[in-house]
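Chemist: how does the following fold in three dimensions:
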Amino acid sequence: MNPLPSSTGKIWLVGAGPGDPDLLTLRAARLVMGAKVIVHDGLVDPRILAMAPASAKLVSVAKRRSRHSMPQDEINALLVSEALAGRDVVRLKGGDPFVFGRGGEEAEAARAAGVTVEVVPGISAAIGAAAAAQLPLTHRNAASVVSFVAGQCKGLSEQNWAGLAGHGRTLVIYMGLANADPIADKLMADGLAPDTPVAVVENAARPEMRVLRGPLAGLGTLVKDHHVVSPALIIIGAITALEDNNLAMAVEAEA
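Modeler: Residues are numbered from 1 along each chain as shown. Next up is the predicted model:
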């Protein structure tokens, strides 16, 4: 005898990209437009949430000032409980679910509960911000290595960034605004020149996007003076000087 059909729903971990709804994948757009339950982060653009059906249940688990409205364990439990109740759940995340999105933890929780989970990748915040600001993360004349790090992840001092920035390298820092000064100090202590070019991209791929530039030594001041707020990424390396036609000088300074 065949087993009875399962009434368990499915969890979709969906990347919403950097902001612009046009940068959603086709699968992500279809899932949002057909969703019954959407559990979303605060970085998801309101224009993307507006694509959901009027009948969809929207649950915000937005992070504000280093605190989630719901702890991660509770988010995991929420996703699983909705699926076990027979509802398909779209877990919508800014950027890509598996790049500083805690998607791995949520996938583990789903599998542990016997719930089917599928990942729909999105354009990561780093890729989207660099593209929107026209800053190539790699460049034959400037960078052949790209690294992504979290600027606030279990304590900045615990992270080893040795060799991630410098000549021929681009470093992209997520969640780094609050620690902009310590980040600059950390990198300079590791040997990076104070005049290493830096760019801060705020609200990437959105109408209000800003791209701010300056030297590494002035990173904290740049963030404070311009009142930069999340979502924002810090990009460090010679490629951030491209728009100012200073690439040759930047490369020489890093050498």
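Chemist: which intervals of the chain have sub-threshold pLDDT?
Modeler: 1-6, 64-68, 153-155, 243-255 (pLDDT under 70).
Chemist: for the residue positioned nearest the centre of the chain, grab phi and psi.
Modeler: Taking C-alpha atoms, centre = their mean, the centroid of the chain lies closest to residue 125, which sits 4.1 Å from it. Dihedral angles phi and psi of residue 125 (degrees, to the nearest 10) take the values phi -60, psi -40.
Chemist: nearest residue to residue 136 other than its sequence neighbours?
Modeler: Spatially, and ignoring its direct neighbours in sequence, residue 136 is nearest to residue 239 (5.8 Å; C-beta to C-beta, 6 or more residues apart in numbering). The C-beta positions use only the backbone N, C-alpha and C, and glycine is treated the same way.
Chemist: before we move on, what SS does the one you found have?
Modeler: Counting by DSSP: H, G, I helix; E, B strand; the rest coil, the backbone at residue 239 sits in helix.
Chemist: alpha carbons of the strand or helix carrying residue 131, as CSV, please.
Modeler: Assessed by DSSP states H and E, residue 131 sits inside helix 125-132. What follows is helix 125-132, C-alpha atoms only, in CSV (Å, rounded to 0.1, in the frame of the first residue of the first chain):
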residue,chain,number,x,y,z
ALA,A,125,24.8,42.3,-1.6
ALA,A,126,28.5,42.5,-2.5
ILE,A,127,27.9,41.6,-6.2
GLY,A,128,24.9,43.9,-6.4
ALA,A,129,26.5,46.8,-4.7
ALA,A,130,29.7,46.6,-6.8
ALA,A,131,27.7,46.4,-10.0
ALA,A,132,25.4,49.3,-9.1
